[in-house]
Structure formats: C-alpha cells, structure tokens
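In: Mind looking at a prediction? Sequence and model below.
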Amino acid sequence: MTELQDAWADLLRRRPAFRDSLTIYGEILDAWARWSPPRPLALPLDRARWRGAWERGEPLVEHAAATLRPSDVEDLLGAAMESLARAQPTLGASLQRLAEAWDRGAVAPAALLPARGRVGSGAVEQASGLAADVVAFLAGASLRPALEAMFAPAREHLDEAAWSLGVCPFCGGPPAFADVIEDGRRRLACHLCGGAWLFAKLRCPFCGVEGAEHQVRLTPEEAREEGYLVAACRSCRAYMKEVDRRARWNAGPALIEDWGTPHFDLVAHRQGYWRPTPSIVQLG
C-alpha cells in the first residue's frame, strides 16, 4: 500500500460516513499505485534553467507539454474515466467521445495540462462535450503520478523567496488546498503534480487581491472541526480548504485531507463560492 492509500484508509476510519460516497477516490489511488512509468520521465537536471524560469514567473509546465506522450498516461486516464462513469453515469456518452478522440489522436496529454487561468486547453471540452470542471477533475485524477515523477528532480531546488505567484511553480496548476504549518506560514498544495509552495496568508492566490477585508474564513456549525476551515475570497468568490497543522498535528497529506472533507465543499458551494479543482460532490 502506498503512503496515500494508507492515509486514505486512515481518513475513512475517522470518517466512515463518507466511505460509500467517496469510493471513486479509493479507485483513483488504486490506479495510481498500479501505474509505473513506461519510460523515464524525470526532468534532466538543469538547476540554472529552473531558477531562471521561476525568476521570470514561469512554471516548468512547458517541458511536460513537450514531453508527455499518450502512452505515459493512457492507463491512468482510462482508469479515471471508468471510475467517473461509474460515479456519474450521465457522463458516459461524453466520456466515450473523449475516449474516441484520444484513440484517434485528436486529444493528447497536453490538452489536460494547466493553462493560464484554467486547467486544460479547451480541446477536451470541444472533443467530448464535457464541462470544464469535469475536465479539471479528470486532469487531477490522471496526471499526478506522471507529473510527480517528472518534476521530482526540481522540487528541492525551489527557493522559498523565488516564487510568490498563486499557481504551482512546477506544473502551473491552481492551488487546491492550504496548510498552515508549524511556524504559522501558509503552504499551498497542487493536486495535479503534488507540488507545494509558501504563499502570503492575506493574499488570494486566485485573483491576487490582498488584505484581510477581502478574505473570508468559514467555519460553519454544520461542518465544524478544530483546525479546519474554508478560506474564501470576497472579490473573486474562489475558495479552498485549509488545515492548521498546529491544531491538527496528525492530519494527513493535503490531497487526502481535501478529498476527505466534502462537507466543507458543500458548505462553500451553497454560499456561492467556487474552486478551480472541483470535488466529486460538486460534479453531481
């Protein structure tokens, strides 16, 4: 069992009421555990190039767009589509169109990668009729193992002061979760590639507005858990969930804590907030 699978099993033991409704996440983790790269995917070591890109405010996603082949992620995408079809049967016809477009080469991995202000190029939506939030969900469910392997050599070379943007410095994806770490600083997590980076506590990573007056911290009674909250922006209405690891020292990885708190997503959604990396409960 992988670390993420073990953490997921632990979370379901703590929140057994979610076991049936979140089956798809266990299936995705199982598919990730079965996957092995068909060829070496790691970035060639080039510290100067990476640092130069970060200084210019550019993530490293161009390498992924130029390098990823359909065979690198085909098994992952196929498994994600099958799981999503079981969880949301009404998407079956659109997912079949995506499968056909993939098979004839009309859609490639680059179409699922982050672009400015969105996840994906728009080609998947055009080929399949799937909504943008479904495409973003599929991207997160299918790309992570490959992108994690690709960007692994670059992780340790990201200087804390070198990146202050609200997108992942590695794949360019939007943040999907936030941690308040032991020293009180805020760390954002990217679910598309597993990247993480420090970010200003009073700035919205989605629209860039800064100041406490623009930030909302939701801790609704119906979803109250110590250390957990919804961090939202009054200006752009975007949100993500956050855990304070000083209060929740035993919290799991960011991905697992995000997937395992759908009740917070429902509360945020009912209050008119949105997120660029949707939860499965928001696709229903």
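Out: Here it is on my side, so go on. Residues are numbered from 1 along each chain as shown.
In: Spell out the residue ranges of the strands in the stretch 151-284 of the chain.
Out: 177-180, 186-189, 196-199, 215-218, 228-233, 239-244 (DSSP state E, counting those that start in this stretch).
In: hey, least reliable of the ones you listed by pLDDT?
Out: Of all these, strand 215-218 carries the lowest average pLDDT, namely a mean of 91.
In: which secondary structure elements does that strand contact?
Out: Judged by 3 or more C-beta pairs under 8 Å, 6 or more residues apart in numbering; DSSP states H and E, strand 215-218 is in contact with strand 228-233, helix 262-270. Using the backbone N, CA and C atoms, a C-beta is placed for each residue, glycine as well.
In: so how far is the shortest one off the chain centroid?
Out: Meaning strand 228-233. 16 Å (C-alpha atoms, centre = their mean, to the nearest Å).
In: Can you list the strands that it pairs with?
Out: Looking at strand 228-233 with DSSP bridges, its partner strands are strand 215-218 (antiparallel), strand 239-244 (antiparallel).
In: and the spatially closest residue to residue 173 that is not a sequence neighbour, what is it in contact with?
Out: Distances taken as C-beta to C-beta, 6 or more residues apart in numbering put residue 192 closest to residue 173, at 3.8 Å, once the chain neighbours are dropped. Taking C-beta atoms under 8 Å, 6 or more residues apart in numbering as the criterion, residue 192 is in contact with 114, 119, 139-140, 143-144, 147, 168, 171, 173, 176, 277.
In: go with 10 Å
Out: Counting by C-beta atoms under 10 Å, 6 or more residues apart in numbering, residue 192 touches 61, 64, 112-114, 119, 136, 139-144, 147-148, 168, 170-174, 176, 277.
In: Please flag which of the residues you listed sit within helices.
Out: 61, 64, 136, 139-144, 147-148 (DSSP state H).
In: circling back: could the strands paired with strand 228-233 be laid out in a markdown table, adding mean neighbour count and distance to residue 267?
Out: A markdown table is the format used below for the strands paired with strand 228-233 (neighbours: other C-beta atoms under 10 Å; distance: least, C-beta to C-beta, whole Å):
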| stretch | mean neighbour count | distance to residue 267 |
| --- | --- | --- |
| strand 215-218 | 15 | 7 |
| strand 239-244 | 23 | 10 |
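In: nearest to residue 158, of those strands?
Out: Nearest to residue 158 among those is strand 239-244 (20.2 Å), distances taken as C-beta to C-beta.
In: burial of residue 266, as a residue count?
Out: Residue neighbour count, defined by other C-beta atoms under 10 Å, stands at 16 for residue 266.
In: Which residue comes closest to it once chain neighbours are left out?
Out: residue 281 (6.1 Å).
In: Any figure for the gap between the one you found and residue 123?
Out: 27 Å (C-beta to C-beta, to the nearest Å).
In: what does residue 162 give?
Out: From residue 162 to residue 123 the distance is 32 Å (C-beta to C-beta).
In: Equivalent analysis for residue 86, please.
Out: 25 Å.
In: For the two, indicate the residue with more neighbours.
Out: More neighbours surround residue 123 than the other of residue 86 and residue 123, with 16 against 12 (other C-beta under 10 Å).
In: quick one: stretch 163-181 to chain centroid distance?
Out: With C-alpha atoms, centre = their mean, you get 10 Å for stretch 163-181.
In: Make TSV out of the strands paired with strand 228-233 and add distance to residue 183.
Out: Below are these laid out as TSV (distance: least, C-beta to C-beta, whole Å):
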stretch	distance to residue 183
strand 215-218	20
strand 239-244	12
